[in-house]
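Enquirer: sharing a model that was predicted from the sequence below.
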2 protein chains.
Amino acid sequence: MAQGNLARSLNKERLDNGLAVRLACRSGAFDGQTSGLAYGYVQGNLAVLPKDWAQDFLRFCQANPKPCPLLGMSEAGDPAIPALADDLDIRTDLPRYRVWRDGKLVDEPRDIKSIWRDDLVAFVIGCSFSFEEALLQNDVPVRHIALGINVPMYRTNIATQGAGRFHGPMVVSMRPMKPTDAIRAVQVTTRLPAVHGAPVHIGYPEQIGIKNLGKPDYGDPVPVENGELPVFWACGVTPQAAIAAAKPPFAITHAPGCMLVTDLKNNQLSLF
Amino acid sequence: MAQGNLARSLNKERLDNGLAVRLACRSGAFDGQTSGLAYGYVQGNLAVLPKDWAQDFLRFCQANPKPCPLLGMSEAGDPAIPALADDLDIRTDLPRYRVWRDGKLVDEPRDIKSIWRDDLVAFVIGCSFSFEEALLQNDVPVRHIALGINVPMYRTNIATQGAGRFHGPMVVSMRPMKPTDAIRAVQVTTRLPAVHGAPVHIGYPEQIGIKNLGKPDYGDPVPVENGELPVFWACGVTPQAAIAAAKPPFAITHAPGCMLVTDLKNNQLSLF
C-alpha cells in the first residue's frame, strides 16, 4: 500500500498533538508523512542500532551536536523513551519505518514489533521542523515550505568528528533569505540548539564545498533570488548518511518524512 | 594644545576603570582619546541639549533604539547621571568636548563648566566599543582595530523614525567578517541591545544605499577580502548627524573618540 492511503480516511485535524499522532500510527489508522501535523510539538528522526553499534553512535552524536542533536534514547531492548513521552512505543508509534541490513534497504514496514530485539537501542534526533516553525512564527519566510517541496540538502567539505565506525561529511540544508531575515534567523535558531541551532554558514556555498546550489544531494532545488543570501544549517541527514556508510548488520530508521511526534513542545526547547 | 599632549605625561595603565578616567579628565591630567582605556567598562557618546530640544531628542532615541541606545540622561541643569556612576560630573569628566551654536562647531574645550546652564539636559548613548570588546572576547576578529584605524561608517537609505525636529538617515558602521564569524557576531551582539545590538544588514551594501564601501562617509575605509561578508551595525553617529541637521541654537557633544567612561561594566549590559 502506498504511503498516505490510510490517511485519506482519517481526519487529520484530530492529529493535533503528539499522543494523537502516535496512537493513530499504533492503531494503523495513519501511515503518512508527519509534516504539518501536531502543530507546536517536537518531531524527531529515528535511528535504531544494535547495542554494540549504539555506543559508537552515541559518541558520534555527542561529538557532533549541530547535525546530531540527540533528544532522547532508549535503554537497550526497551521500546519506551520517557524523556520524550509517557505513552510511547518506539516499535509502533511512527507512521512507517525503514529496515536496513548491511547498509541495504530491505523493508519499509508499518511497525517493527516482529523484528524488535533485546539488544536494540533507539535514538531520536532533533529535526528542522521545529526551527522552521519558529522561523515562521517570527515572520521569516521559508521558501521550500511556501513552494510545497522538500528542503535542499548538500554534502559539504565540513568533516564531522568521527566516533568508532561512524564518520563522514556534514550534510547541510539551505534556506534562501533576505539579509534582514537571515539575521533574524540566526537569532531565532540560536535559541534552539536541540534542533540544529544556529546556521553553520551564510553566503558562500563554495567555501563549504557546494559547487552547484541548483543540484542538491538530497531534497529539491530551491531558487536563491537576487539580493538573497543562502543560509545553511547542519542537517539530520548527517547521521543517516554516517549510518549508511558504516553499514551496520542491522538498523532501523524512520521512513522519509515519517517522523516520531513527541509530547515535547517546540517552545520548551527554546533556550531563552 | 593638541589632544593627547597631557596624556603623554600620564601613566595610562592607571586609567583602568571608569572613575580613574573621569578623575583624570576632571583634574586636567588627561585629555586624549578613550579607546583602549578602562577595559571592561562601558563608554558612551555625549549629547547635551537645551530642555526645549531635549524632549524631542528623547523621543528620537526612544523611537530609534538601534542607532540611539540611551544609557542614561540627566535632569535639566543637573550634571550628575546616577544611573551611570555615583561620582560623575558631566561638565568635567570627558577628555574633551565640542560646542555647537546653530549647527556650527565653535569650540573644543577641556570642560564645559563655564558654559553650563540650568536648562541643559545630558544624554549618554551606547557605543560600539562595548560590542567590539565582546566580539574580541569571543574570538571574532575586528579588522579596523587590528589595523589601528577608525571603523568605516556610511549614511544609508534606511530612514530613522523622526521626532519633532530630529530626523535623517541611519548611519551604519561596517566590519568585514568570514561567514562563520558573522554568524557568531550576530549572536554576540544580539545579547547587547544597549550598545546597538544585532546587525541591521549583512552582505549587500547596495540594498541599504551604500554605493562604494571604499568611500565611507565617516571613518576610514577597511578592505573586505574575498569570501568575507560586510556586516553592518546601526551607529551612534546617527543621532550626532540628526543634531547637526536640526541645528539647535546650542548643543554640546563629546569630541571624536573622547567618550564618557562610566562605572557600568560591559558584561552588565548583556541580556543573557
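Expert: That came through, no problem.
Enquirer: nearest residue to the residue of chain A found nearest chain B in space, please, no chain neighbours.
Expert: Going by C-beta to the nearest C-beta, chain B is nearest to residue A:186 of chain A, at 4.2 Å. Placement of C-beta: from N, CA and C, glycine included. Among residues not flanking residue A:186 along the chain, residue B:186 sits closest, at 4.2 Å (C-beta to C-beta, 6 or more residues apart in numbering or on different chains).
Enquirer: what number of residues lie near the closest residue to residue A:130 other than its chain neighbours?
Expert: In space, and not counting its chain neighbours, residue A:130 is closest to residue A:195: 4.0 Å by C-beta to C-beta, 6+ apart. If you count neighbours by other C-beta atoms under 10 Å in any protein chain shown, residue A:195 ends up with 27.
Enquirer: which secondary structure state does residue A:123 sit in?
Expert: Three-state assignment for residue A:123 (DSSP: H, G, I helix; E, B strand; the rest coil): strand.
Enquirer: that one contacts residue A:69, correct?
Expert: No: when contacts are counted by C-beta atoms under 8 Å, residue A:123 is not listed as touching residue A:69 (10.8 Å).
Enquirer: ok, the closest residue to residue A:68 other than its chain neighbours to residue A:39 distance?
Expert: Take residue A:68 and drop its neighbours on the chain: the residue closest to it by C-beta to C-beta, 6+ apart is residue A:61, 4.1 Å away. Distance from residue A:61 to residue A:39, counting by C-beta to C-beta, to the nearest Å: 27 Å.
Enquirer: ok, these two, which is more surrounded?
Expert: residue A:61 (21 against 10).
Enquirer: residues of chain A that sit close to chain B?
Expert: A:179-180, A:182-183, A:186-187, A:190, A:198-204, A:207, A:227, A:229, A:272 (C-beta under 8 Å from any C-beta of the partner chain).
Enquirer: what about those, which are in strands?
Expert: Using DSSP state E, A:201-202, A:229 are the members of these that sit in strands.
Enquirer: tell me the pLDDT of the residue nearest to residue A:68.
Expert: Predicted confidence (pLDDT) for residue A:61: 97.
Enquirer: with residue A:8 instead?
Expert: Taking residue A:8 on its own, its pLDDT is 53.
Enquirer: can you list the ones in strands among the residues of chain A next to chain B in TSV and add neighbour count and pLDDT?
Expert: Putting these into TSV (neighbours: other C-beta atoms under 10 Å in any protein chain shown; pLDDT from 0 to 100) gives the following:
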residue	neighbour count	pLDDT
A:201	24	98
A:202	26	98
A:229	25	98
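Enquirer: out of the residues of chain A next to chain B, list just those in helices.
Expert: Among these, the residues falling in helices (DSSP state H) are A:179-180, A:182-183, A:186-187, A:190.
Enquirer: and of the residues you listed, the nearest to residue B:85?
Expert: Nearest to residue B:85 among those is residue A:187, at 31.5 Å by C-beta to C-beta.
Enquirer: contacts only, for the closest residue to the closest one other than its chain neighbours.
Expert: Counting by C-beta to C-beta, 6+ apart, residue B:190 is the residue found nearest to residue A:187 once chain neighbours are left out, at 5.3 Å. Shown in contact with residue B:190 (C-beta atoms under 8 Å, 6 or more residues apart in numbering or on different chains): A:186-187, A:190, B:197-198, B:271.
Enquirer: at 10 Å instead, please
Expert: By C-beta atoms under 10 Å, 6 or more residues apart in numbering or on different chains, the residues touching residue B:190 are A:183-184, A:186-187, A:190, B:131, B:197-199, B:270-272.
Enquirer: now swap in residue A:261 and tell me
Expert: For residue A:261, counting by C-beta under 10 Å, 6+ apart, the contacting residues are A:15, A:17-22, A:24-25, A:34, A:37-38, A:41-44, A:84-85, A:88, A:93-95, A:129.
Enquirer: 6 Å instead, please
Expert: Listed by C-beta atoms under 6 Å, 6 or more residues apart in numbering or on different chains, the contact set of residue A:261 reads A:18, A:21, A:34, A:38, A:41, A:43.
Enquirer: select from those the one having the most neighbours.
Expert: Counting neighbours by other C-beta under 10 Å, the top entry in the contacts of residue A:261 is residue A:43, with 28 neighbours.
Enquirer: tell me what that one is bridged to.
Expert: Note on residue A:43: beta-bridge partners residue A:261, judged by DSSP bridges.
Enquirer: and the pLDDT for it?
Expert: Looking at residue A:43, the pLDDT reads 97.
Enquirer: cool, the one 4 residues further on as well?
Expert: At residue A:47, the model reports a pLDDT of 97.
Enquirer: how about residue A:13?
Expert: Predicted confidence (pLDDT) for residue A:13: 77.
Enquirer: that one: neighbour count?
Expert: The local packing of residue A:13 (other C-beta under 10 Å) involves 7 other residues.
Enquirer: which phi and psi does it have?
Expert: phi -60, psi -20 (degrees, to the nearest 10).
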